[in-house]
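[1] Coordinates for the following, if possible.
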Amino acid sequence: MALLEADVHFGVVRDFVARVREQAVGQEVLASLSAPQQVLRVMRDEMIHLLGDAPSPIELEGRWPAVVLMAGLSGSGKTTTSAKLGKWLAARAKHPALVSADVRRPAAIEQLAILADQAGLKCIEPEGPEGTDAVARTRSAKASAADGGFDVLIVDTAGRLHVDPELMDELRELVAQTDPIEVLFVADSMTGQDAVRSAEAFAEAVPVTGHVLTKLDGDARGGAALSLAATTQRPIKFVGIGEKLDAFEPFHPDRMASRILGMGDVLTLIERAEQAAEQGNVEELARKLRREELTLEDFRGQLQQLRRMGSVSELMSFMPNFGGQRPSELDEAELGRFEAILGSMTLEERLNASLINGSRRRRIARGSGCAVSDVNRLLRRFAEARKMLKTLKTLKTMAGSKSRLGKMMSRMR
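    Okay, the predicted model is just below:
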């Protein structure tokens, strides 16, 4: 029922349940697990198998330039995904260029050029009569990319509101003329089973090598991932997890299975933190924590780093689901108020919180558009954090002393 409510295809659900039953019935319960935990383990393993066992990397070797064709219906996010993929490849020592083959949708070419500029990428614009024909534009762009030293050419193709013969004929011609190394079907994960029907139609017309799921920002969207992987027999290669150009990552079957089953996705959360953190700042913060020198300025830096990782609701979706509930201490609006309050303080006040008396609190509250009680709550949270760090350090010291005392007693015996 949970899978059906997530809009997984009925045939996929039926086959999945049958395989889980076959794997679970007659299996001995491990001593470290309860029967429900054993069933959950079988379900997770089978779901990982259904999603593809392991990440499927994008293949770009063997051709110059390697053409990646982005296909899909209108509104699925092809243009934005093309720019995201280009930025992702550029961060991995590739030299990609973009070209729009969508000559029908108003402003589609301009939209791709703007996104490419934001991502720091080259958007090739063929001139003359070739600029009005999708196939001619792509063929000309491929030649320009080869001459310009670009090793990857990402082609943003035209879309439709529905599958039609004209769209498929154009895609077949593009494939024949450009010999793409990858044809990626871009699907809106919020469309559920509709995405599967469209993917099957595209796969019948052109050699689709994989899928990209957009708007995959929570475990409620897992249905489209399961249905696509199971019914089309093509791997999901990437997922879009937000509107920003860096909200794009490879698809990991094991992590998605854990998120669907409420086990969280801590590995992705750690990767987000590593990307947002700067090594020098991390080392400096660790030194201050050891010396109990944490200031409101450091607190402000950590809030800004948290913002770079994504929204609070999105980050909470990566956390394990404890009994159907996730931690709720963090509130998006409260973090925004805290950041405004810290911005209204002077640098001297952020470096020495003891200076903040009653009149300063009223000034900070007026400057941030918050109440004095909000300022008090921030300072109370900060004081509690410093107290907790001091307690942890004391416990660590006591543990070390106890260990040393134990060694001395053993030597005396």
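[2] Now do the helices in the stretch 301-413 of the chain.
    Ranges of helices in the stretch 301-413 of the chain, per DSSP state H, counting those that start in this stretch, are 312-317, 332-344, 347-351, 358-368, 372-412.
[3] mind listing what's buried in the second one?
    Buried residues in helix 332-344, counted by 16 or more other Cβ atoms under 10 Å: Arg337, Phe338, Glu339, Ile341, Leu342, Ser344. Where C-beta positions appear, they are placed from N, C-alpha and C, glycine not excepted.
[4] what do you get for the shortest one?
    Buried residues in helix 347-351, defined by neighbour count with 16+ other Cβ under 10 Å: Glu349, Arg350.
[5] that older thread, which single one of the buried residues of helix 332-344 is nearest to Gly62?
    Minimum distance to Gly62 across these is 48.5 Å, recorded for Glu339 (Cβ to Cβ).
[6] And that closest one, how far from Glu182?
    41 Å (Cβ to Cβ, to the nearest Å).
[7] Would you check that Glu59 makes contact with Ile181?
    Yes: using Cβ atoms under 8 Å, Glu59 is in contact with Ile181, at 5.9 Å.
[8] Compare these two and say which one has the larger neighbour count.
    Higher neighbour count among Glu59 and Ile181: Ile181, with 19 against 14, using other Cβ atoms under 10 Å.
[9] Specify the beta-bridge partners of the residue nearest to that one when sequence neighbours are not counted.
    Spatial nearest neighbour of Ile181, chain neighbours left out: Ala66 (4.5 Å); criterion: Cβ to Cβ, 6 or more residues apart in numbering. Legend: beta-bridge partners of Ala66 under DSSP bridges are Val152.
[10] Ala66 contacts Asp179, doesn't it?
    No: between Ala66 and Asp179 there is no contact under Cβ under 8 Å: 9.9 Å.
[11] Domain-wise, how is this protein divided?
    2-51, 66-263, 273-401 (automatic domain parsing).
[12] quick one on the thing from earlier: mind listing what the residue nearest to Ile181 touches?
    Leu60, Asp151, Val152, Leu153, Ile181, Glu182 (Cβ atoms under 8 Å, 6 or more residues apart in numbering).
[13] can the residues you listed go into JSON lines with extra columns for pLDDT?
    What follows is the contacts of Ala66, written out as JSON lines (pLDDT from 0 to 100):
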{"residue": "Leu60", "pLDDT": "83"}
{"residue": "Asp151", "pLDDT": "91"}
{"residue": "Val152", "pLDDT": "93"}
{"residue": "Leu153", "pLDDT": "94"}
{"residue": "Ile181", "pLDDT": "91"}
{"residue": "Glu182", "pLDDT": "91"}
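[14] Just put those residues in TSV and tack on distance to Thr138.
    Putting those into TSV (distance: Cβ to Cβ, whole Å) gives the following:
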residue	distance to Thr138
Leu60	17
Asp151	17
Val152	14
Leu153	8
Ile181	14
Glu182	14
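[15] Point out the other elements, helices or strands, that the strand or helix carrying Ala176 touches.
    According to DSSP states H and E, Ala176 maps onto helix 165-178. Under the contact criterion of 3 or more Cβ pairs under 8 Å, 6 or more residues apart in numbering; DSSP states H and E, helix 165-178 touches strand 66-71, helix 134-148, helix 193-205.
[16] switch to 10 Å and redo it
    strand 66-71, helix 134-148, strand 152-156, strand 182-188, helix 193-205 (3 or more Cβ pairs under 10 Å, 6 or more residues apart in numbering; DSSP states H and E).
[17] what's the most buried one of the ones you listed?
    Greatest average neighbour count among the helices and strands packed on helix 165-178 goes to strand 152-156 (a mean of 28), per mean count of other Cβ atoms under 10 Å.
[18] CA atoms of that strand as PDB?
    Extracted in PDB, the C-alpha atoms of strand 152-156 (Å, rounded to 0.1, in the frame of the first residue of the first chain):
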ATOM      1  CA  VAL A 152      31.500  17.200 -24.300                       C
ATOM      2  CA  LEU A 153      28.600  18.700 -26.100                       C
ATOM      3  CA  ILE A 154      25.200  18.800 -24.200                       C
ATOM      4  CA  VAL A 155      22.200  19.100 -26.500                       C
ATOM      5  CA  ASP A 156      19.000  20.500 -25.100                       C
END
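[19] Check the spacing between the spatially most central residue of the chain and Ala247 real quick.
    What sits nearest the mean C-alpha location of the chain, by Cα atoms, centre = their mean, is Ile241, with 4.2 Å. When distance is defined by Cβ to Cβ, Ile241 is 5 Å away from Ala247.
[20] One more: Val39?
    34 Å.
[21] Give me the neighbour count for Ala158.
    Neighbours of Ala158 using other Cβ under 10 Å come to 21.
[22] Which residue, neighbours along the chain excluded, lies closest to it?
    Asp102 (4.1 Å).
[23] now the one you found: how far from Asp156?
    In terms of Cβ to Cβ, Asp102 sits 6 Å off from Asp156.
[24] hey, what's in contact with both of these two?
    Lys78, Thr79, Ala108, Ile109, Gln111, Leu112 (Cβ atoms under 10 Å, 6 or more residues apart in numbering).
[25] Which two of those residues have the greatest separation?
    Top of the distance list for these (Cβ to Cβ): Lys78 and Ile109, 13.1 Å.
[26] the more surrounded of those two?
    Neighbours around Lys78 and Ile109, counted as other Cβ under 10 Å, are more numerous at Lys78. The numbers are 26 against 20.
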